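Engineer: Just a sequence and a predicted model for now, questions to come.
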Amino acid sequence: MRTKNILLTLLTLLVCSSLMFAGTISGKVTYTGTPAKQKPIDMGKEPSCAKQHATPVTNETVVTGPSNSLENVVVYVSSGASDDGQVPSQAVTYEQKGCQYLPHILPMHVNQELKIVNADQTSHNIHPLAKVNREWNKSQPPGTPPISEKYDKPEFISVKCNVHPWMHGYFAVLNTNHYDVSKGGGDFKLPNLPPGKYTITAWHEDYGTQTADITITGTETKEQNFTFKAKAY
Amino acid sequence: MRLWAQSHRCQKPRRVSSVLAAAFALVFLILGASQSASALPAFARKYGLRCSACHESWPMLNFFGQKFKDNGYQLMNDRDAPIWQNPGYWPVTFRIVPLWHRVSTNKVRVDSGDGSREAKITSSGFDLTGLDFHTGGTLEKNISFYVLPSSDATGSFHFETVMARLDNVFGSPWLNVKLGKFELDNLLSEKRPLTLTANGGIYQLYHFMPVGSGNIFGQIGSNQLGVEVMGHSLNDRTRYSASLLSSNNGSVGLPYGSNSYSAFFTGSQAFDAGRLGVQRLGFYAMVGEAPTTWLTDGGAPVPGSGTGNKGYSREGFVGQFYFGPHVDLTVVTQHGSDSAWFGQGYGDLIDGVAVNNNTPGTVLAAGSRAPTWNGVLFEPHYVYNPQLIFIGRYETIRMSQQSTPGTPSNLGNITSYTVGYRYNPIMTSRAGLAWHTEYNWFHQDGTSPVSNTNLTSSELLMGFDFDF
Amino acid sequence: MNSLKPMRFIGAIFFTAILGMVLAVGFAAPAFAQDAPDVGPTPPLVLKPMESHIGNITGHAAAAKSDYRRYCAGCHGDLGDANGENAVWLDPKPRDFTSATFKCRSTLTGTLPTDEDLYNTIQRGITNSNMPIWNTFTRQQRADLVAYIKIFSPRWDKEKAGDPIKVPAEPPVTIDSIAHGKLLFTKLECWKCHGPAGKGDGPSSGTLTDSKDNPIRPYNFALGKDDSRFKCGSTNQDIYKIFMTGVDGTPMPSFADVIQPNDAWDLVHFLRTLQINRHGKENEILSAAHGVIPPYVDKNPAPAAAPAPAPADNKSPGGGQ
């Protein structure tokens, strides 16, 4: 559904800006070294969640794929994008399911509506530990309507549920709509970039950030890969 | 913490002039002695507050510090019981002052041929005060204690304060009971003065006795033995205290009489005066009896045998006025009155202050009257910031009725000026250090040792007042 | 009495004394020159002209500069960043004013507290912490300090304080309201942290951290006696506000979106019975019922009442657009 949202957004953008030429930046995020082994999570204290997972889930601080690919890296245009201030009208949705956050990292535009849903049979409290934005903390018992919020300043916000200490995720509040999160295989794609100079930033919650400067001249696809150095612990 | 050693407390004077001198010397020696200020880094360490939170400038308390003390050294925040402390925490603080001072007295008795004459003596040099070991805090929630072994400059110790207190009895701040030797509930505390000199480091008003009086017992500045019932409102705006005290001026071992008691009462009310700050008005009254009759052994008085109680009283008003965050003024008044017996030199024979023994059949000299006097004290402060304070003080005591008719009406009158400043280069929650500078000028009418003319002394003092 | 002559003498002495002191200041000052008297460690801090309004009193930040340094900076730090020299020894840690996140509010979670909220916190102190009860200050001093702590966060420049939540009049305590409160305590999973008996020993209690990752313990209701205090007050109204607005910066979330006002009062009544050693109307009514809280029977089922029991097949209501 999120993909649909993005597609819709991008379609709107395309039409509205009447762009004849639109470039794409795509690439792959990989790591070198040995990432820390992700610890399995014991959900024994929350049986309603534990039974949803046939095999125990692990931490999601570092999620890797085949060929040293790195998932959950937010790649976005940190300068040069022309869509500052264009807040998408659709909301993004953050779901609590099986005592996990889906997705683990949720990118959104500044001031875009954020809906938080509790699909579990237990109470969660959503506690985004914002530093630049306002910090709030709300209880969401099962069956209650989604919580609607928004953030007015760009920030990577760590999200936790104090009741279930293993639950951990991120909001990536960005000043752009040109973003992607690397998925299985570490692939990302930033399409529909009008000609211009761009700075692309890749952000990983544990490994930090990397940037690259790229110039788009027309309808073209430029490749930009990012390689993070893994931490052993 | 006494600047002066009490070397000759038991010296027995023989002549009247030497009685006067001895009485005066006692004012100097005993009184200059009781400098046991309470500024406890031990408390700051326990609660993690800066000295300045409780002290306008240590050791002088501010209103918050007064409330802390009134609560039994508790912040009333559930962290008061010692179980909250690291087991290694022991609530001990020491305080001492290395200093340089210059002391000048215009008339000191010196030998001259077969007789005596008076000479001006000025001396200066480096010196020490005594050492105080303060230990205080809580034994349990709402049970507090204070123990203060205090020495003179030679290291001779006595117990300045020893007390245990039940706080907030029946859960009410209006009832706190204290037993032991403790400071009377003086709003302007002599145990927390911003001054250190022999005459400026005490409040003359708190220790005054008329020339020739045998009464040492009415000293509201001395820590006294007894029991105190004290209470206050939750925000400490309203306070009262009532104490039953042994009439022994805090001396242990029942040296005087066995049935002599005094009482001390205080009450005060504070008002919120907006930008000016919190203003406080209060009163105090000490009324009591002390012995004048002694059994003797070989002519020497027998300790504990004192009977023949006679009365005395000290009462006055106290005002603490704040004029914004920087300027404040404390005013204390006193009207004092002693029984004519004390005025005629009956009273404390044990310490050689009195010259007469009120044995059965003794009659007062004809025309003897109860000595009375009035005094006032003004102490302004300028708090430049929590680290720097300027201090001034003017004290005067005027006899209004001498005991013996015909005595010069001004005999024994005291005027004392003190100015100084304290600069705290550090302001932490662990220790205190103040650079202390002070000048005191002291004048008393008619009490020079030989010619019975006016006596003047002055002292300039500078030193590091520190505690940890 | 003294004649004029000694008075002149006094004058001379005083002149000398004051001269001596001035010289002494001159001598002392260079020794401490690295620490100018007025500022201590110089904070690169702009003293913004913030104000506070408490009733008819207007507080000004500039007026509290000295008081902040005297009373507050030892823990909260000269820069308001909770890095005072004592902070490392304290648990829980002092409030960091640079984040403008405050525990005790009458306003919704995430919003700035009202001036009264901050004023009351200064006045009340915070139990189970090192924050003293500053009720010795004048009202003006407290108002000035409220204004002063606003200089530390830019949020106070742009944002307004949140609107205070409405606290309806407290309905009478009944055994039914206590029973319903108990049901809510279970349903809302208060017990996950506070424990089934409110002893602060719920299954998640050992894992809790505040927003700065410092361990924090849930409130233990069972310790409460007659003088019991909560972090943000001691009255039933205060308890109501605490769970409705949440305790920001801690794991305690806001329940404003999920509890109806009357239900909230029922929860307050039940929470009071967890304070087993406290004498109050709640415990009296419980005693009258022989100490047994009966199962709650909903006499007026209200379909809209939240939280609705979650049906087993409930996926994500309203979540899929």
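Structural biologist: That came through, no problem.
Engineer: where does residue 112 fall, phi/psi-wise?
Structural biologist: Here I'm looking at chain A. When read as degrees, to the nearest 10, the backbone of A:Gln112 gives phi -80, psi 140.
Engineer: Oops, wrong one, chain C.
Structural biologist: Per-residue torsions, C:Leu112: phi -70, psi 140 (degrees, to the nearest 10).
Engineer: count of neighbours near the nearest residue to it once chain neighbours are set aside?
Structural biologist: In this structure, C:Leu112 finds its nearest non-sequential neighbour in C:Ala161, 4.6 Å apart by Cβ to Cβ, 6 or more residues apart in numbering or on different chains. Bear in mind the C-beta positions are built from the backbone N, C-alpha and C, glycine included. Using other Cβ atoms under 10 Å in any protein chain shown, C:Ala161 has 17 other residues around it.
Engineer: so C:Ala161 touches C:Thr114, yeah?
Structural biologist: Yes: between C:Ala161 and C:Thr114 there is a contact under Cβ atoms under 8 Å: 4.6 Å.
Engineer: what is in contact with these two at once?
Structural biologist: Residues touching both C:Ala161 and C:Thr114 by Cβ atoms under 8 Å, 6 or more residues apart in numbering or on different chains: C:Thr107.
Engineer: ok, back up a step: report the contact partners of the residue nearest to C:Leu112.
Structural biologist: Counting by Cβ under 8 Å, 6+ apart, C:Ala161 has contacts C:107, C:111-115, C:117.
Engineer: again, only this time at 7 Å
Structural biologist: With contact taken as Cβ atoms under 7 Å, 6 or more residues apart in numbering or on different chains, C:Ala161 is in contact with C:107, C:111-114.
Engineer: Please tell me how far it sits from B:Met399.
Structural biologist: C:Ala161 sits 63 Å away from B:Met399, taking Cβ to Cβ, to the nearest Å as the criterion.
Engineer: about what we covered before: which pLDDT value belongs to the residue nearest to C:Leu112?
Structural biologist: pLDDT recorded at C:Ala161 is 93.
Engineer: With adjacent residues omitted, what lies nearest to A:Asp42?
Structural biologist: Leaving out its chain neighbours, the residue that sits closest to A:Asp42 by Cβ to Cβ, 6+ apart is A:Pro56, at 7.3 Å.
Engineer: so how far is A:Cys99 from the one you found?
Structural biologist: The gap separating A:Pro56 from A:Cys99 is 12 Å, by Cβ to Cβ.
Engineer: Then B:Thr138?
Structural biologist: 45 Å.
Engineer: and if you look at C:Leu90?
Structural biologist: The separation that C:Leu90 has from A:Cys99, given Cβ to Cβ, amounts to 33 Å.
Engineer: In terms of neighbours, single out the busier of these two.
Structural biologist: A direct count of neighbours by other Cβ under 10 Å for C:Leu90 and A:Cys99 places A:Cys99 higher, at 23 against 18.
Engineer: pretty sure the more buried one is in contact with A:Asp42, am I right?
Structural biologist: No: counting by Cβ atoms under 7 Å, A:Cys99 sits too far from A:Asp42 to count as a contact (10.9 Å).
Engineer: Nearest to chain B among the contacts of C:Ala161?
Structural biologist: Using Cβ to the nearest Cβ, C:Pro113 is the member of these that lies nearest chain B, at 20.6 Å.
Engineer: With adjacent residues omitted, what lies nearest to the closest one?
Structural biologist: Of all residues not flanking C:Pro113 in the chain, C:Arg105 sits nearest, at 4.0 Å (Cβ to Cβ, 6+ apart).
Engineer: dump the residue contacts of the one you found.
Structural biologist: Contacts of C:Arg105 (Cβ under 7 Å, 6+ apart): C:113, C:117, C:245, C:248.
Engineer: just B:Phe170 next, same as before
Structural biologist: Counted by Cβ under 7 Å, 6+ apart, B:Phe170 has zero contacts.
Engineer: returning to that earlier point: sec struct for the residue nearest to A:Asp42, please.
Structural biologist: coil (DSSP: H, G, I helix; E, B strand; the rest coil).
Engineer: Okay, the residue nearest to C:Pro113 and C:Lys241: tell me how far apart.
Structural biologist: Distance of C:Arg105 to C:Lys241, given as Cβ to Cβ: 8 Å.
Engineer: Check whether A:Glu205 really touches A:Tyr170, as I assumed.
Structural biologist: Yes: assessed by Cβ under 7 Å, A:Glu205 is found in contact with A:Tyr170 at 5.9 Å.
Engineer: and stretch C:231-244, which residues are buried?
Structural biologist: Going by neighbour count (16 or more other Cβ atoms under 10 Å in any protein chain shown), the buried part of stretch C:231-244 is C:231-233, C:236, C:238-244.
Engineer: Nearest to chain B among the residues you listed?
Structural biologist: C:Lys231 (10.6 Å).
Engineer: Roughly how far does the closest one sit from A:Ile105?
Structural biologist: According to Cβ to Cβ, C:Lys231 and A:Ile105 sit 33 Å apart.
Engineer: so which of the buried residues of stretch C:231-244 comes closest to chain A?
Structural biologist: Among these, and counting by Cβ to the nearest Cβ, the member closest to chain A is C:Phe243, at 8.6 Å.
Engineer: How far does the one helix or strand that closest one maps to sit from its chain's centre?
Structural biologist: Using DSSP states H and E, C:Phe243 sits within helix C:236-245. On the basis of Cα atoms, centre = their mean, to the nearest Å, helix C:236-245 sits 12 Å off its chain's mean C-alpha point.
Engineer: Then stretch A:199-208?
Structural biologist: In terms of Cα atoms, centre = their mean, the centre of stretch A:199-208 is found 11 Å from the chain centre.
Engineer: mind listing what the residue nearest the centre of chain C touches?
Structural biologist: What sits nearest the mean C-alpha location of chain C, by Cα atoms, centre = their mean, is C:Cys104, with 3.9 Å. By Cβ under 7 Å, 6+ apart, the contact list for C:Cys104 reads C:117, C:121, C:231-232.
Engineer: what's the most distant pair in these?
Structural biologist: C:Asp117 and C:Lys231 (12.5 Å; Cβ to Cβ).
Engineer: still on that earlier bit, of the contacts of C:Arg105, closest to chain A?
Structural biologist: For those, the closest approach to chain A (Cβ to the nearest Cβ) belongs to C:Asp248, at 6.0 Å.
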